[in-house]
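Asker: A predicted structure for the sequence below; I have some questions about it.
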Amino acid sequence: HDERLIDALQRRCDFRPGDVRVVIVESQPFHRGTQRYRLIDAATGLIETGHVNVADMIVRQPTDDDLPLHPDQVAQPT
């Protein structure tokens, strides 16, 4: 899924800013050690884009909340 699903849900549910945030992680290209991500607020749109290192994900558990992120674009608060 992508932003089109988030937009459709927003039109139907009219979420307030901060109610629903979605992290979209792209599939990893072959022989690349990173995965791209986008953080999106359903009401306000793109919050952040960046990447994570696959090696960092391999050594962690799914419940860990300290995964190093490498943001390359952070939206300014409105």
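Answerer: Okay, I see it. Numbering: from 1, shown residues only.

Asker: what residue ranges in the protein are flagged as low confidence?
Answerer: 77-78 (pLDDT under 70).

Asker: which stretches of the chain form strands?
Answerer: Taking DSSP state E as the test, the strands found in the chain are 21-25, 34-41, 45-53, 69-74.

Asker: please identify the most buried of those strands.
Answerer: strand 34-41 (a mean of 18; mean count of other CB atoms under 10 Å). (Glycine included, C-beta is placed from N, CA and C.)

Asker: show me what it is in contact with.
Answerer: 3, 6, 17-18, 20-28, 46-54, 57, 69-70 (CB atoms under 8 Å, 6 or more residues apart in numbering).

Asker: try stretch 53-72
Answerer: Contacts for stretch 53-72 (CB under 8 Å, 6+ apart): 28, 33-35, 37, 48-52.

Asker: out of those, which one sits closest to residue 76?
Answerer: residue 48 (11.1 Å; CB to CB).

Asker: now the closest one. Nearest residue, chain neighbours left out?
Answerer: Spatial nearest neighbour of residue 48, excluding adjacent residues (CB to CB, 6 or more residues apart in numbering): residue 39 at 4.4 Å.

Asker: so what's the residue nearest to residue 26 when sequence neighbours are not counted bridging to?
Answerer: Leaving aside its chain neighbours, residue 26 sits nearest to residue 36 (4.4 Å; criterion: CB to CB, 6+ apart). Beta bridges link residue 36 to residue 51, judged by DSSP bridges.
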